[in-house]
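Undergrad: Generate coordinates for the sequence data below:
(2 chains)
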Amino acid sequence: MSASTETTKAPAQPLSTPASKPDGNPLLRLILKRLGLSAVLLFAVSLMISGGIEALPGDFATTYLGQSATPEAVENIRKDLGLDRPWAERYLSWLGGIAHGDFGTSWASRNSVGEQIANRLGNSLFLAFFAALISVPLSITLGMVAVQFRDRWPDKIVSLASLAAISLPEFFIGYLLILFFAVKLGIATFPATVYDGMGVMDRLSAIALPVATLVLVVLAHMMRMTRAAILNVMSSPYIETAELKGLGAWRIIAHHAAPNAVSPVVNVVALNLAYLVVGVVVVEVVFVYPGIGQYMVDAVKVRDMPVVQACGLIFAAFYILLNMAADMIAIIANPRLRHPR
Amino acid sequence: MTIKLGNLNRRRFMGQSALLGLAATSATGLFAPEARAEEPKRGGHLKLGLNGGATTDVLDTATYSGAVLFVIGKTWGDTLVESHPETGEALPALAESWTSSADAVEWTFKIRKGVKFHDGKELTTADCVQSIKRHTDEQSKSGALGLLRSIKAVEEKAGDLVVTLTEGNSDLPLILTDYHLIIQPNGGFDNPTAAIGTGPYKLTNYQAGVRATFEKNKDDWRSDRGFVDSVELIVMNDTTARIAALASGQVHFINAVEPKTVSLLERAPTVEILRTAGKGFYCFLAFCDTAPFDNNDLRLALKYAIDRQAILDRVLGGYGTLGNDYPVTNNYALAPEGIEQRMYDPEKAAFHYKKSGHSGPIQLRTSEAAFAGAVDAAVLYQESAKKAGIVLDVKREPDDGYWTNVWNVQPFCASYWGGRPTQDSRYTTSFVSSAEWNDTRFKRPDFDQLLAQARAELDKDKRKEMYKTLALMVRDEGGIILPVFNDYLNASTKNLKGYVNDIGNDTSNGYVASRVWFDA
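TA: Below is the predicted model of the structure:
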């Protein structure tokens, strides 16, 4: 994630792509370089997860059996799973599996991790997609509205409402929505449990409340960033110059302001998208939604290493890819970043 | 179940009859006829919102733990024996009848004929033999392994199931009520997770930690259960989600209602609170063989220094019963009677504390993992002990790994125990010298001997007397400080009838789905 902080400041300090090699597509070279770095980053993440779980008190056998663990049962499970082997050996054999695209089997359920994750991740992406579909256009529009009516009542209302939404914890927003729309009015579906073989309309109705919660949670962040970025650019001297030389308002925004404002906005959007996929375990619990966050938390509770590893890698990959995409979009939108001085 | 007795509802009546010291059996006599007068109606789709499930749950009965799998198992499967919901005595289920040798070592169970598994196959004695074997062989990871340790052989003889024990145990039928011991085709050796049984509902869909659905088993061998057409069980580990789902009528039954929220939930017009006295208890455990707890006066001082009523009121919101420093309540068959209730007595505590000669702070380890409110309970204990001049140093431990690193390792800590089917298994689990979970290091050969004697005794009156002696030994000399037994708190919509306050375990001993019905 260090990559993203580097590029948020991009307009002031352009990316240092080697200028000595003008041949070839600089964008492609950058993508390849970033992909290579991502692989190293993922490897480091897997090492840290593995080490972290190893450092937690209790291993899978004892935590899975809990208070009812008998020495025989613990021994039987350890032997079965090869937990008696040293840590490094277990890690390497897991890494070997990953290299072949095999996530292994869950220690607790003895099912294929890949299959289980596909299902859970599908649910999470479904939820995140609709939350993003509503929140991204809405927040950018609201941000522009706030700029347009700067310091007048629409701006103040938008700012106040978004600050209020960002100050409330997500579970509290969730509870409020449940209280009003499910319990009092009885118009929303609750719990939001989705399952195999559920119709699309039923699914959409089930996720209405969690999507509303997520939209409220991420809206403020993106809206305020949009507002700040545009305002920042609009107060620059070159915009004033453009105005003075008589360009139309539309032309100023599209050609001069937008390319410079895109970068920070896209970055904050990417961050929020990543959050929508991997960071919503609390919302999943509140709405009884079977997403990947809950899956990972359950696995961590019993130290189900293959599941934790796989979830951790997927989460990290999402963050890395979304940040990379954000940087690419920023570079494409702003030619200045492609041709560093 | 809302049986009105004048202005008294069942729950209040149960509470008051318990106060009056009425035995559970005499109360049953009053309820039963009226309970049966209301004819159960059939049909409907039952939705349960339950706490206690995880994505790591597996359908193999040997691995069952947690409330969700407990209910799932009892919905699709049957055990050989069931326990009476009000007296706790053994009742025939898949085993029609049984006899034992005079020394209670060899047991012969007659297996019911004409029972069909969900896949259409007929139940045989061999299936039952294999089922018990799967939980007793050496490779077993079964949660019932500890209970079944005294089983020497299980075999089929002349069409009957014969169990031979290493020593006499008159409780064997009750042990076979354990929820892991569901009878499966060929004992589940072929496919342990198939969830094919003989229960009132067939499992139609299962997603671990999310949802399970069932449809009515049309060939059920019993007609007095399984009243609804289909059952949907949704895992809801969030308390507020469960309450919201029940209040909005999206589910008909929830478990694990927090004592704090009971009074609020009671105000909802469509909701009924279901309160059942339980066998589980909250406790503080001291090692009898480790200084300073190796001194019985110090242990007595600690027992008098705890304000049980305060813990019952403040940690459990009053939803429980006072403990008396032995692990048995009236919910067990042959429970001891006439043992004086130990109360908070700072003077006696100070007397014993002085006599023990100990001085300086005593470290008490606690964590929310021990039981909900364990940290509060420890602080209340600290306060009440201070008045007796005993300084408790409360140390909060991390929830993670509490059962591995603190419980049964550290000499003085908070803990919890769930109920066991019998007094014998309760004591065998954690009070005999050789028990792995002897978490108070209570090692008394005379106790072990008397317990073994009681186990093999078939005369009920003699056994009851022995159990009273055992309870007194633990109460007056053991290392367990047992302030409260917690009630099981569940809630349902008002149109759901037939829920039985089963003393066996929570959620009507897991039979909630097979017992309830809708009053349209």
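
Undergrad: got the contact list for the spatially most central residue of chain A?
TA: Nearest residue to the geometric centre of chain A (CA atoms, centre = their mean): residue A:274, 1.0 Å. For residue A:274, the contact set (CB atoms under 8 Å, 6 or more residues apart in numbering or on different chains) comprises A:318, A:319, A:322, A:323. Where you see a C-beta, it was placed from the backbone N, CA and C, and this is true even at glycine.

Undergrad: Quick check: buried residues in the helix or strand in which residue A:53 is found?
TA: Per DSSP states H and E, residue A:53 falls inside helix A:26-55. Using 16 or more other CB atoms under 10 Å in any protein chain shown as the test for burial, helix A:26-55 gives A:26, A:30, A:31, A:34, A:38, A:41, A:42, A:45, A:46, A:49, A:50, A:53.

Undergrad: which secondary structure elements does it contact?
TA: The contact analysis (3 or more CB pairs under 8 Å, 6 or more residues apart in numbering or on different chains; DSSP states H and E) places helix A:26-55 against helix A:87-99, helix A:305-333.

Undergrad: Am I right that residue B:164 is in a strand?
TA: Yes. Counting by DSSP: H, G, I helix; E, B strand; the rest coil, residue B:164 is part of a strand.

Undergrad: which ones are touching the closest residue to it other than its chain neighbours?
TA: Among residues not flanking residue B:164 along the chain, residue B:153 sits closest, at 4.4 Å (CB to CB, 6 or more residues apart in numbering or on different chains). Going by CB under 8 Å, 6+ apart, residue B:153 touches B:162, B:163, B:164.

Undergrad: Kindly report the same for residue A:119.
TA: Applying CB under 8 Å, 6+ apart, the residues near residue A:119 are residue A:196.

Undergrad: And the helices in the stretch 401-520 of chain B?
TA: Counting by DSSP state H, counting those that start in this stretch, the stretch 401-520 of chain B has helices at residues B:402-405, B:423-430, B:445-456, B:460-477, B:506-509, B:512-515.

Undergrad: any idea of the angle the longest one forms with helix B:445-456?
TA: Between the axis of helix B:460-477 and that of helix B:445-456 there is an angle of 150 degrees, by axes from the mean of the first three to the mean of the last three CA atoms, to 10 degrees.

Undergrad: I'd like to know which elements helix B:460-477 is packed against.
TA: Counting by 3+ CB pairs under 8 Å, 6+ apart, helix B:460-477 packs on helix B:296-304, helix B:423-430, helix B:445-456.

Undergrad: rank those helices by pLDDT, which is bottom?
TA: Across these, helix B:423-430 has the smallest mean pLDDT, namely a mean of 89.

Undergrad: ok, and does that one reach over to chain A?
TA: No. Against chain A, helix B:423-430 shows no contacts by CB under 8 Å from any CB of the partner chain, the least distance being 9.7 Å.

Undergrad: Among the contacts of residue B:153, name the buried ones.
TA: Judged by 16+ other CB under 10 Å, buried ones among the contacts of residue B:153: B:162, B:163.

Undergrad: re the thing from before, between the helices and strands packed on helix A:26-55, which one is nearest to chain B?
TA: With CB to the nearest CB as the criterion, chain B lies closest to helix A:305-333 of the helices and strands packed on helix A:26-55, at 8.1 Å.

Undergrad: In the closest one, which residues are buried?
TA: Applying 16+ other CB under 10 Å to helix A:305-333 flags A:305-320, A:322-324, A:326-331, A:333 as buried.

Undergrad: Likewise for stretch A:76-84?
TA: A:76, A:77, A:78, A:81, A:83.

Undergrad: likewise stretch B:261-281?
TA: B:261-262, B:265, B:268, B:271-281.

Undergrad: Same check on stretch A:175-195?
TA: For stretch A:175-195, a neighbour-count test (16+ other CB under 10 Å) marks A:175, A:177-178, A:181-183, A:188-195 as buried.

Undergrad: what does it rub up against?
TA: Residues outside stretch A:175-195 that contact it (CB under 8 Å, 6+ apart): A:123, A:126, A:168, A:202-203, A:205-210, A:212-213, A:286-290, B:49, B:205, B:207, B:210-211, B:234, B:236, B:240-241, B:244-245, B:247-251.

Undergrad: so which of the buried residues of stretch A:175-195 comes closest to residue A:219?
TA: Nearest to residue A:219 among the buried residues of stretch A:175-195 is residue A:177, at 14.0 Å by CB to CB.

Undergrad: ok, and the closest non-adjacent residue to the closest one?
TA: residue A:209 (5.1 Å).

Undergrad: Would you agree residue A:313 is in contact with residue A:46?
TA: Yes. With contact defined as CB atoms under 8 Å, residue A:313 reaches residue A:46; the gap is 5.9 Å.

Undergrad: Tell me which stretches of the stretch 151-300 of chain A form helices.
TA: A:153-167, A:170-177, A:200-234, A:237-244, A:249-251, A:258-278, A:281-287, A:292-301.

Undergrad: possible to save these as CSV with mean pLDDT?
TA: CSV is the format used below for the helices of the stretch 151-300 of chain A (pLDDT from 0 to 100):
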stretch, mean pLDDT
helix A:153-167, 86
helix A:170-177, 90
helix A:200-234, 89
helix A:237-244, 88
helix A:249-251, 77
helix A:258-278, 86
helix A:281-287, 87
helix A:292-301, 85
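
Undergrad: Nearest to residue A:135 among those would be which one?
TA: Nearest of the helices of the stretch 151-300 of chain A (CB to CB): helix A:200-234, 4.4 Å.

Undergrad: ok, residue A:134 - contacts?
TA: A:211, A:215.

Undergrad: The helix or strand containing it relative to helix A:258-278, how many degrees between them?
TA: Using DSSP H and E, residue A:134 maps to helix A:113-148. Relative orientation of helix A:113-148 versus helix A:258-278 (the same axes, to 10 degrees): 140 degrees.

Undergrad: what angle separates helix A:113-148 from helix A:292-301?
TA: Helix A:113-148 runs at 130 degrees relative to helix A:292-301, counting by the same axes, to 10 degrees.

Undergrad: picking that back up, so which of the buried residues of stretch B:261-281 belong to strands?
TA: Judged by DSSP state E, the subset of those located in strands is B:271, B:272, B:273, B:274, B:275, B:276, B:281.

Undergrad: Tabulate these in JSON lines, adding columns for distance to residue B:188 and pLDDT.
TA: As requested, these are exported to JSON lines (distance: CB to CB, whole Å; pLDDT from 0 to 100):
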{"residue": "B:271", "distance to residue B:188": "38", "pLDDT": "93"}
{"residue": "B:272", "distance to residue B:188": "37", "pLDDT": "94"}
{"residue": "B:273", "distance to residue B:188": "37", "pLDDT": "94"}
{"residue": "B:274", "distance to residue B:188": "32", "pLDDT": "95"}
{"residue": "B:275", "distance to residue B:188": "35", "pLDDT": "93"}
{"residue": "B:276", "distance to residue B:188": "30", "pLDDT": "92"}
{"residue": "B:281", "distance to residue B:188": "32", "pLDDT": "94"}
